[in-house]
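1. below are the sequence and a predicted model; questions follow.
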Amino acid sequence: MSETITLSTGEVTTVQGVIATEITELKAAVKRAENKAARLKSDELDKERRRRANKKIIDAEERAEAAAINGTLTDRLLDVDGFLDAEPPMALVKDVLDGGGTSMLIGHRGSYKTAIALAIALCIACGKWWGRHQTTRGRVLYLVGEGGGRAFGIRLEAWLKHHGVSRDEIRPWFRGVDGAVPFMSDAWDELVEVAKDYKPALIVVDTLARHQVGLEENSNSDASDAVDKADHLRAQTGAAVMVLHHPPKGGTSGRGASAWEGAADSVFLLTKDEPVPGQVEMTTTKQKHRPETGRWAFRIEQVEVSDNGIWPTSMVPVHADPLVVDKAALEAKAAKDAALQAEVLEYIRGRESADMAPNKSEFRDHFQETKRRESALDALAELRRRGEVEEIPGKGRARVLHVVADAKILPFSARNEGTDA
């Protein structure tokens, strides 16, 4: 056996024997590898073609299914009378939550998202008023993406005990899925079929992060795919879908892609320790079909639950009286303002006692260090308005701040004494 090879110098030569055999085998191995790579590439291309073909089939089936539910384009072509005489959705929670829509409940960790969402859901399941808002009774399906099992059970138990509702009364009206059901999984498609049979009025997705596993949180394309899944669930069941979500650190809108909030009919924000410490405030940040004026405050009550070896109590949100809340918020703000005004007086007096009375620029710099410049300037303006601080000539041409001798900060209750209610 012989093989012709080209040397690095460009010279062509012929080799024989063992070397020629090895070269022949190497060439054959390279050829086999190239053929295998070509087959694998072909297989991958075939796989991708099949995937795309299957997706087209699924999309076509979903469009056909939606058309069967919503009607063809001709069926949905309405004149003025068709729109004006159309049946409105039922109000699940009057003036707050409409049937068949998508809503979001957004709040940082520790803002009682699950407790408040569960309270809304259970009021609907029982047909009980949610605070000052009447509900329409309907079945609820709760997707417990985190804190399930007995941990979720004590939440149910506490709410039922607080409101005097028995297990028997709620049993036909409330069901939950223990564990997340990712939007893009086969389990979600199974959920749609289960929900079609159960016919819930409200489906709660707790939380969005747990149910969008495998999707990029910041991708609007991925988020739109998930929204489509939720819309398909709504179309198949007629249920409203409420999604619980976290905001970014320091933010007030949902974390990640904006597609969810863009698609939502209603968006609510939870803020801890507002309007007063120890409470949580829920405000409306978006309503497609009504004014964005909703505002509710809750105090969180600990309710004893049956012995389970771990948790003695669970949290139940209770609507706070808005008049009491407003008064408490006013008093809390006044107390905070008074404390800052007292600090301003103490700072100016301290500088004056050291013969270093501050000018306005030094005052601003001092409070800028604690990032309270604007609120401190407001406190100074109020003290000057009341004649407790004034500007006087300092050294050279500078004017400095001076505390009037008898200046003092009265507590909130004393300042309001004798005024009309």
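-> Here it is on my side, so go on.

2. now the closest residue in space to E390 that isn't next to it in sequence: how far from R386?
-> Take E390 and drop its neighbours on the chain: the residue closest to it by C-beta to C-beta, 6 or more residues apart in numbering is H402, 5.5 Å away. (Each C-beta comes from the backbone N, C-alpha and C, glycine too.) Using C-beta to C-beta, to the nearest Å, we find H402 at a distance of 14 Å from R386.

3. please identify which helix or strand holds the residue nearest to E390.
-> If you go by DSSP states H and E, H402 is part of strand 399-403.

4. all strands for the stretch 251-400 of the chain, in order.
-> 266-272, 279-287, 295-304, 313-319, 389-393, 399-403 (DSSP state E, counting those that start in this stretch).

5. just name the most buried of those strands.
-> Stretch with highest mean neighbour count among the strands of the stretch 251-400 of the chain: strand 266-272 (a mean of 22; mean count of other C-beta atoms under 10 Å).

6. would you agree E281 is in contact with W296?
-> Yes - counting by C-beta atoms under 8 Å, E281 does reach W296; the two are 7.2 Å apart.

7. distance check, V400 against A29.
-> Taking C-beta to C-beta, one finds V400 at 91 Å from A29.

8. oops, could you answer that again for A320 instead?
-> For A320, the distance to A29 - C-beta to C-beta - is 79 Å.

9. looking at those two, which is more packed in?
-> A320 (20 against 10; other C-beta atoms under 10 Å).

10. show me what the closest residue in space to the more buried one that isn't next to it in sequence is bridged to.
-> In space, and not counting its chain neighbours, A320 is closest to A297: 4.3 Å by C-beta to C-beta, 6+ apart. Per DSSP bridges, residues listed as beta-bridge partners of A297: E281.

11. wait, what's in contact with A297?
-> By C-beta atoms under 8 Å, 6 or more residues apart in numbering, the residues touching A297 are E274, P275, V276, Q279, V280, E281, M282, H319, A320, P322, V325.

12. quick check, pLDDT for the fifth one.
-> What it means is V280. Here the pLDDT value assigned to V280 is 92.

13. ok, now which ones touch it?
-> Contacts for V280 (C-beta under 8 Å, 6+ apart) come out as 107, 111-112, 116, 270-274, 297-298, 300, 317.

14. output the below-cut-off pLDDT ranges for the stretch 201-350 of the chain.
-> Scanning the stretch 201-350 of the chain for pLDDT under 70 picks out the ranges 322-329.

15. repeat that for the stretch 1-150 of the chain.
-> 1-20, 59-71.

16. quick one: the strands in it, in order.
-> 2-6, 12-16, 91-93, 97-98, 102-107, 140-144.

17. could you point out which element follows the last one?
-> Following the chain from strand 140-144 toward its C-terminal end, the next helix or strand by DSSP H and E is helix 150-163.

18. quick one: the closest residue in space to K288 that isn't next to it in sequence and A86, what's the gap?
-> Distances taken as C-beta to C-beta, 6+ apart put D265 closest to K288, at 4.7 Å, once the chain neighbours are dropped. In this view, D265 and A86 are 16 Å apart by C-beta to C-beta.

19. V276 is in contact with A335, isn't it?
-> No - assessed by C-beta under 8 Å, V276 is found out of contact with A335, at 10.5 Å.

20. between these two, who's got more neighbours?
-> Looking at V276 and A335 with other C-beta under 10 Å, you find the greater number of neighbours at V276, namely 20 against 13.

21. what about the helices in the protein?
-> 18-70, 73-76, 80-84, 113-126, 150-163, 167-170, 186-198, 208-211, 220-237, 259-263, 322-353, 360-368, 373-385, 412-415 (DSSP state H).

22. can you count the residues close to F183?
-> F183: 25 surrounding residues under other C-beta under 10 Å.

23. who's in contact with it?
-> The contact partners of F183, by C-beta under 8 Å, 6+ apart, come to H211, Q212, L215, D225, A226, K229, A230.

24. which one among those residues gets closest to R50?
-> Among the contacts of F183, D225 lies closest to R50 (C-beta to C-beta), at 19.7 Å.

25. the closest one and D168, how far apart?
-> Plainly put, D225 is 41 Å away from D168 if you go by C-beta to C-beta.

26. ok, R167 touching G153?
-> No - the pair R167 and G153 does not pass the contact test of C-beta under 8 Å, sitting 10.9 Å apart.

27. please identify which of the two sits among more neighbours.
-> G153 (18 against 10).

28. hmm, back to that, higher neighbour count, D225 and D168?
-> Set D225 next to D168 and count neighbours by other C-beta under 10 Å: D225 wins out with 15 against 7.

29. check the gap between A209 and A226 for me.
-> From A209 to A226 the distance is 11 Å (C-beta to C-beta).
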